[in-house]
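[1] Model the structure of this input:
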Amino acid sequence: ISRHVEGMDFATTYLELEPGDAFSGGLHVHTDQEELFVVLEGTATWETKEGPGDEPTFTEVGPMEAIHFEESDVYQTGRNESDGVVRGLAIGVPGSRHTWEGTGALIDCETCGEETVFTIEAEGRMPDIADTRITCTECGTDLEV
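    So this is what the prediction gives:
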C-alpha cells in the first residue's frame, strides 16, 4: 500500500493469514521502527516477551482492533491460531521499511543451550533465507538455515 503514496515515511502491508500462518517469522523487535497491526477480519494472537527466557504474554486482537509496539518495546509475533482466515494491516513508521540491522530475534541457541537474542544481516526487503546471516549475540554462533 505504501508504495503508492510517495513522500510519506511509512510502510503498510495487507496480509491474509490462513490458520497457522504468522505476521512474521518469530519473536522479534525493531530498534528503528514502531509497528501497528490492525486486524480487519478474524482474530489474531500476539505473543510478547520482555527478553530472553522471560514468560510470554498472549493478547488476542479481534476485528477492527489494533495492537501497537514502540521501537525497542518488546519481542513480539502475531499469528492466526483460529480456524478461520485473518485479514489485517501491518503499519511501520518511520521509513518505508525497517532495516535488518535494527531487528533482533529471540531464538533457542543450541550452543548456549537457552533462548538468546540473534542479530539478522540481510540485503533487500524480502531476502532469500539462504542469503541471510542470523547470529547469536551471546556466543557468535550462526544459525544454520
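[2] Run through the residues that contact Glu50.
    Val74, Tyr75 (C-beta atoms under 8 Å, 6 or more residues apart in numbering). C-betas here are computed from N, CA, C, even on glycine.
[3] quick one: which helix or strand includes the residue positioned nearest the centre of the chain?
    Computing the C-alpha centroid of the chain and ranking residues by C-alpha atoms, centre = their mean puts Ser24 first, at 4.3 Å. Ser24 belongs to no helix or strand when assigned by DSSP states H and E.
[4] Against Trp46, how distant is it?
    Ser24 is 10 Å from Trp46, where distance means C-beta to C-beta, to the nearest Å.
[5] low-scoring pLDDT stretches of the chain, where are they?
    Applying pLDDT under 70 to the chain flags the ranges 1-8, 95-100, 123-129.
[6] ranges for the strands of it?
    Taking DSSP state E as the test, the strands found in the chain are 11-17, 28-30, 34-41, 44-49, 57-61, 65-69, 75-79, 86-93, 103-109, 114-121, 133-136.
[7] got TSV for these, with mean neighbour count too?
    Below are those laid out as TSV (neighbours: other C-beta atoms under 10 Å):
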stretch	mean neighbour count
strand 11-17	16
strand 28-30	21
strand 34-41	18
strand 44-49	20
strand 57-61	13
strand 65-69	15
strand 75-79	22
strand 86-93	20
strand 103-109	19
strand 114-121	18
strand 133-136	17
